[in-house]
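**Student:** have a look at this prediction, sequence included:
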Amino acid sequence: MDRYSRQRRFAPVGDEGQQRLASSRVAIVGCGALGTHLAQHLVRGGVGFVRLCDRDVVEWNNLQRQVLFDESDVTSCVPKAPAAAAKLRAINHTVDVEPRVVEVDATNVRGLIADVDLVLDGTDNLATRFLLNEACVAEDKPWVYAGVIGSRGMVMPIRPGTSACFACLLPGLPEPESDETCETAGVIGPAVAVIAGLEAAEAFKILTGRHDALAPGLAIVDIWENDHRIVRPPRRSDCRVCAKREFLHLESDAHGGLVSRLCGGNAIRIVPAHPGPLDLDALERAIAASGPVRRNEYLLRFSRDDLELLVFEDGRALVRGTEDLDAAQAAYRRYVGDP
Ligand SMILES: [Zn+2]
């Protein structure tokens with residue numbers, strides 16, 4: 001009857017650790033390759049509350065490595081967070097899973113992490129990680145950084161005030177577009193599984209209070225080259241984030257008004273300058289005048305002039321079928337309004 005019996009039997013968790021997990025709250029930022037693995041580990045392991053934050057819908061090229069999704073999620077165009085939540089509830093109904101279809105940015109990140117005990121990195125870009133780091137230092141929340149690309153990845157637990165933070169590790173600000181991405185370098189599923197496993201293990205250690213067992217720095221693993229190292233970045237006394245508490249990303253107002261190419265290609269993401277709830281019913285009626293439009297609980301989806309537009313409730317959109325920022329913006333302007 002006890003679904004956690006094997007985990008309880010593992011001495012460092014035990015009955016007390018299991019109770020701690022049950023009363024823990026975790027936010028996972030990004031519900032893609034890492035995020036779906038992480039969510040599965042936490043929900044199967046009995047963490048009491050799991051918030052899933054993600055802005056995207058499930059795409060065909062996600063299925064190779066993003067566990068929890070299947071072909072029906074792609075064809076029904078369900079956003080990743082609720083698609084994952086549905087699977088997770090079937091795995092363990094006793095866990096409170098909260099899907100949030102949201103672009104995590106400076107305006108909302110503190111609200112998304114303020115009521116949790118731990119934040120887990122399931123993102124795919126440095127800008128969001130710098131933002132998360134600042135938010136976690138500002139809110140005094142532990143978080144676990146992780147990134148995976150190709151056959152390699154990195155994991156580092158970060159406890160503000162105790163360990164080096166992400167800005168201690170990378171003191172310079174990243175150049176825009178400097179990220180090597182899963183689109184340019186590819187990524188294999190087993191690498192995701194290994195890195196997510198390490199990240200989830202760090203999460204279990206933090207949630208059960210076993211800080212002595214935490215990785216003493218940045219774990220770097222390459223499963224193709226058979227390499228596993230740990231480097232120990234020092235806590236920097238001049239760190240602009242954890243020492244000086246300068247929150248450049250968190251206090252930036254450059255959130256909305258972004259038009260960017262989607263990792264994965266042939267699609268453009270549009271974030272309006274002032275995101276806010278759209279009246280999807282009214283928009284659906286207006287768009288229906290020019291042709292068919294499909295609708296689910298979260299978005300409108302329609303094709304015009306060789307482009308497919310997905311318009312979310314908060315005004316964000318995904319324009320598929322082009323790499324041309326101007327063409328995507330023009331289509332948005334024509335059917336939705338000024339971005
Ligand atoms: Zn720092």
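**Tutor:** That came in fine, so what should we check first?

**Student:** end-to-end on stretch 104-113?
**Tutor:** 11 Å (Cα to Cα, to the nearest Å).

**Student:** buried residues in that stretch?
**Tutor:** Buried positions in stretch 104-113, judged by neighbour count with 16 or more other Cβ atoms under 10 Å: 104, 105, 106, 108, 109, 112, 113. (C-beta placed from N, C-alpha, C; glycine too.)

**Student:** what of stretch 329-337?
**Tutor:** Neighbour counts over stretch 329-337 (16+ other Cβ under 10 Å) mark 329, 331, 332, 335, 336 as buried.

**Student:** which residues are in contact with that stretch?
**Tutor:** For stretch 329-337, the surrounding residues in contact (Cβ atoms under 8 Å, 6 or more residues apart in numbering) are 259, 268, 270, 278, 283, 286-287, 290, 302, 304-305, 307, 309, 311, 315, 317, 319, 339.

**Student:** return the members of these classed as buried.
**Tutor:** For those, buried by 16+ other Cβ under 10 Å: 259, 268, 270, 278, 283, 287, 302, 307, 309, 311, 315, 317, 319, 339.

**Student:** between these, which is nearest the ion?
**Tutor:** Minimum distance to the ion across the buried ones among the contacts of stretch 329-337 is 31.7 Å, recorded for residue 259 (Cβ to the ion).

**Student:** tell me which element residue 144 is part of?
**Tutor:** Following DSSP states H and E, one finds residue 144 within strand 143-149.

**Student:** need the residues that contact the helix or strand following that strand.
**Tutor:** For strand 143-149, the succeeding helix or strand toward the C-terminus, using DSSP H and E, is strand 152-158. Defining contact as Cβ under 8 Å, 6+ apart, one finds that strand 152-158 is touched by 133, 136, 142-148, 163-166, 169, 191-192, 194-195, 198-199, 202, 205-206, 214-215, 217-225, 227, 233.

**Student:** now the buried members of those residues.
**Tutor:** Among the contacts of strand 152-158, those buried by neighbour count (16+ other Cβ under 10 Å) are 133, 136, 142-148, 163-166, 169, 191-192, 194-195, 198-199, 202, 205-206, 214-215, 217-219, 221, 223, 233.

**Student:** which of the residues you listed fall within strands?
**Tutor:** 143, 144, 145, 146, 147, 148, 218, 219, 221 (DSSP state E).

**Student:** separation between the fourth one and residue 154?
**Tutor:** Read that as residue 146. Separation of residue 146 from residue 154 (Cβ to Cβ, to the nearest Å): 7 Å.

**Student:** cool, thanks, talk later.
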